[in-house]
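1. fold the following.
(2 chains, ligands or ions: 1)
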Amino acid sequence: MKIETLFMDSHIKPCDEIERIIAATGLEPEYVTDSKVVYEHVNSSDDPVTKGKQTLYITENHGAVIKKCPGTSYYTCCDYTILHTGTFCTMDCSYCILQAYFHPPILQYFAGQDKIDSALDAVFEQNKTFRVGTGEFTDSLIWEKLSGQPEKLVKKFAEQKRSILELKTKTVNIESLKNIDHNRKTVVAWSLNTPAIIKSEERNTASLNARLRAAKRCEQWGYRLAFHFDPLVIYDGCEEEYKEVIKSIFTSNSSDGSAGINPESIVWISIGTFRFMPQLKQIIENRFPKSIIPYGEFITGLDNKMRYFKPLRIALYQKIASFIREYAPNVLIYFCMEDEEVWEKTLGFFPKRLGELGEMLDKSVINRCGLLSD
Amino acid sequence: MSNCKNPIITPSFPARRAEERLCITNINIDDIDLSDETFKISSDKSLYDNDPASFDKSLSSLAASINSIGLINLPILQKIGSDDKICNGELEHKPYRVVSGFRRLAAVKSLISSKDSNLPNKILANILECDEKTCAFIAISENSFQRELNTMEQARGVHLLKKFISVEEIAGSSSAIFNMNMNRALINMLDDIANMPASVHRVVENERLAMGAALKLRQYGYDDDVIDSFVRLFSKIKTSLNKQKEIITNIHEIAARENISVTDVINAKEIREIVDNSADGADENRKGNLLRSILFEQRYPNLSKAKEQFNINLKLLNSQGDLKGGIKLEPPADFEGRDYTISFKFSNVDDLAQNADAISALSKNRLVDQIISSNL
Ligand code: SF4
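-> Model (predicted):
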């Protein structure tokens, strides 16, 4: 989505990176001393979500740089750590939770690598494994072509041995990751979906084939990979289509001859069916009037989010897990926010103990990324 | 120049312009353009849609009252031009239009035109010489300070005012005009309703369709034909606002999911059989509930089946006498969690002991075990 208005926090010191971003927008920045001006600009629109995607605010992160991922007690959480480098996204997925999460949603780029570095130093000093990701409040690589931030982060993580960085994306913006000594401490992850869902629900994102080609290149550059089948959307024929997606990860691509991805390169695959805060439904209806994804058989989950009726979730999960197992029997599959019954009926076990799922994921990166264990 | 003989007041609210005048004048009733409903906000006739005879009766009662004691409140008319009946050389143009008192004037007109009437063709009225904006204010407040306006009247009032002032200004002066506080959101909603087809206005007015439900129809952006299908549906059933919204939502979502039109869902045989059932005993509340449950089954087929299966099992337990003494077994909400609930009442320790025994027996019951561990 094209950026139409550029606001710049007047406290930010200009630097090459910021100049590059400003130049790429082709806009004259409007300097503000108070972010209220930006909020009002976005909120005055009839469609603040679209406006928020068209409004870039270059500012500093005034809150916590490092955050714990907000899980709930009802569904098993993976103990993830969020590195807060920006908010919102230039791509436009109908189901994107960020549309309803921020009030108002604004595309923010957080300047100030020093602040990030010192927050990370504090993390690295702890003798603990951390899985740190930048892709919770934004896509990890939307600014990659303009900003050196992903590259700096990869290098920063390469210097230590206890934590990994996960860059989660639906783009193919990976060029700056080439030729870096990443020391296997960065996992590049793609959210995957069927071509039908990508076409109807994920505006401005890279195609499935392009994502997989980019993943293959990262694998060739020695990066570890991850895939997220999240959100899985239930529709007629979805199982067959997801099966094809899984097949295309692991088998060679007949159109460009590229080889499939080696399961050994994959640290984990997460699966999660579409779930949403109730207020997202109206946003989808207004902004994506042709989308039918909110009209599945949803019930109110224990965390008050809408979720597919449990037997439907379990049935799809069982299929997806078995498709993955066909190609990658040893790869770690996990659920983001599911309960004991789903785990048991789908994967045959449940990480019951508090922190157990996190430990499973830690173990996988310890093995595949050469981390020191605790 | 005014032909006003008896200027009594100059309206002080809202605009104060020298030329705004209100005076009582005796005028010819044929000089009033009764077809001009620019300032009409009251519901009157449409409230009697299903019962036109009652409307006629209420109008004759008013006429009878006027005949015996005269007009207590004079109608308010706006003077809209010269008394000449020719405008622009071709159109007949009556010099007065109604600001307030449509019903009173209709009653007087019926009195005058009745066979044995020897009443003169004249009526005493308050004549306003002011702009349309002021007339609009007066038209609304004349009604709102006498009685509570219904939703459609508020909607028409808002729609009328929006021609002259902004939503913010309406909100600011709402207590003075509507005799109630209105915020911007409410004003916009009311205007949305006013912009909907006349068929919707009628059902909202008759309280067949709640404002929130009408807005739901608008939110979905349906064309008039689809809206009319909903209007017909709601004319035949009775339900509360939330249930109306549920019905609209489920119909919309079934249609979207199945990639069929909304009217196809409404006109499906099983829906029509419920809605069009006019047999004795087919009361409108019951039809509403039946419609809701059939739509729920279509919208949530797997959840419905699971609920049905649970109820079958429950009946079996009951028929086997396993749920003694009013013990109730309830599944987790929507079968999402895993916690079942058992409840019972007791009034003494013997009751309590009996229930405890019954529950203990239930814990060994194979059907209960099946219910709890079932794959649904
Ligand atoms: S790519 Fe991710 S962050 Fe961006 S719009 Fe889609 S879901 Fe939201």
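2. can I assume B:Asp191 is in contact with B:Leu160?
-> No - counting by C-beta atoms under 8 Å, B:Asp191 stays clear of B:Leu160, with 10.1 Å between them. Any C-beta I mention is one placed from the backbone N, CA and C, and that applies to glycine too.
3. those two: who's more crowded?
-> B:Leu160 (21 against 17; other C-beta atoms under 10 Å in any protein chain shown).
4. which non-adjacent residue is nearest the more buried one?
-> Distances taken as C-beta to C-beta, 6 or more residues apart in numbering or on different chains put B:Ala136 closest to B:Leu160, at 4.9 Å, once the chain neighbours are dropped.
5. where's that neighbour, which helix or strand?
-> helix B:132-144 (DSSP states H and E).
6. show me what counts as buried in that helix.
-> For helix B:132-144, a neighbour-count test (16 or more other C-beta atoms under 10 Å in any protein chain shown) marks B:Glu132, B:Thr134, B:Cys135, B:Ala136, B:Phe137, B:Ile138, B:Ala139, B:Ile140, B:Ser141, B:Glu142, B:Asn143, B:Ser144 as buried.
7. in the stretch 151-300 of chain A, which residue sits closest to the ligand?
-> Proximity of the stretch 151-300 of chain A to the ligand (C-beta to the nearest ligand atom) peaks at A:Lys170, 4.3 Å away.
8. show the contacting residues for that residue.
-> A:Met91, A:Cys93, A:Asp139, A:Trp190, A:Ser191, A:Glu202, A:Thr205, A:Ala206, A:Arg211 (C-beta atoms under 8 Å, 6 or more residues apart in numbering or on different chains).
9. from chain B, how far off is it?
-> 25 Å (C-beta to the nearest C-beta, to the nearest Å).
10. now swap in A:Glu338 and tell me
-> 11 Å.
11. per-residue pLDDT, that residue?
-> A:Glu338 carries a pLDDT score of 93 in this model.
12. looks like it contacts A:Cys77 (just checking).
-> No - the criterion here is C-beta under 8 Å, and A:Glu338 misses it with A:Cys77 at 10.2 Å.
13. surely B:Ala279 is within a strand?
-> No - B:Ala279 is assigned coil when assessed by DSSP: H, G, I helix; E, B strand; the rest coil, not a strand.
14. okay, and the residue nearest to A:Glu264 when sequence neighbours are not counted sits in which element?
-> Leaving aside its chain neighbours, A:Glu264 sits nearest to A:Arg368 (7.4 Å; criterion: C-beta to C-beta, 6+ apart). Using DSSP H and E, A:Arg368 maps to helix A:356-369.
15. can you pull the buried residues of that helix?
-> Result for helix A:356-369 [16+ other C-beta under 10 Å]: buried residues A:Leu357, A:Gly358, A:Leu361, A:Asp362, A:Ser364, A:Val365, A:Ile366, A:Arg368, A:Cys369.
16. for these, which one is nearest B:Ile247?
-> A:Leu357 (41.9 Å; C-beta to C-beta).
17. which residue sits closest to that closest one, ignoring its sequence neighbours?
-> In space, A:Leu357 is closest to A:Pro351, 4.2 Å off (C-beta to C-beta, 6+ apart).
18. and the spatially closest residue to A:Cys238 that is not a sequence neighbour, what pLDDT?
-> Nearest residue to A:Cys238 in three dimensions, chain neighbours excluded: A:Thr194, at 6.7 Å (C-beta to C-beta, 6+ apart). pLDDT for A:Thr194: 98.
19. quick one, longest helix in chain A?
-> helix A:310-327 (DSSP state H).
20. next helix or strand past that helix?
-> Counting by DSSP H and E, what follows helix A:310-327 is strand A:333-335.
21. quickly run through the sheet partners of that following strand, with directions.
-> Strand A:333-335 pairs in its sheet with strand A:266-273 (parallel), by DSSP bridges.
22. hmm, the residue nearest to A:Leu357 is touching A:Trp343, no?
-> Yes - assessed by C-beta under 8 Å, A:Pro351 is found in contact with A:Trp343 at 7.2 Å.
23. between these two, what contacts are shared?
-> A:Thr76.
24. quick check: the gap between A:Tyr39 and A:Phe110.
-> Noted for A:Tyr39: a distance of 16 Å to A:Phe110, by C-beta to C-beta, to the nearest Å.
25. give me the residue from the stretch 251-376 of chain B nearest chain A.
-> Nearest to chain A, among the residues of the stretch 251-376 of chain B, is B:Asp334, at 3.7 Å (C-beta to the nearest C-beta).
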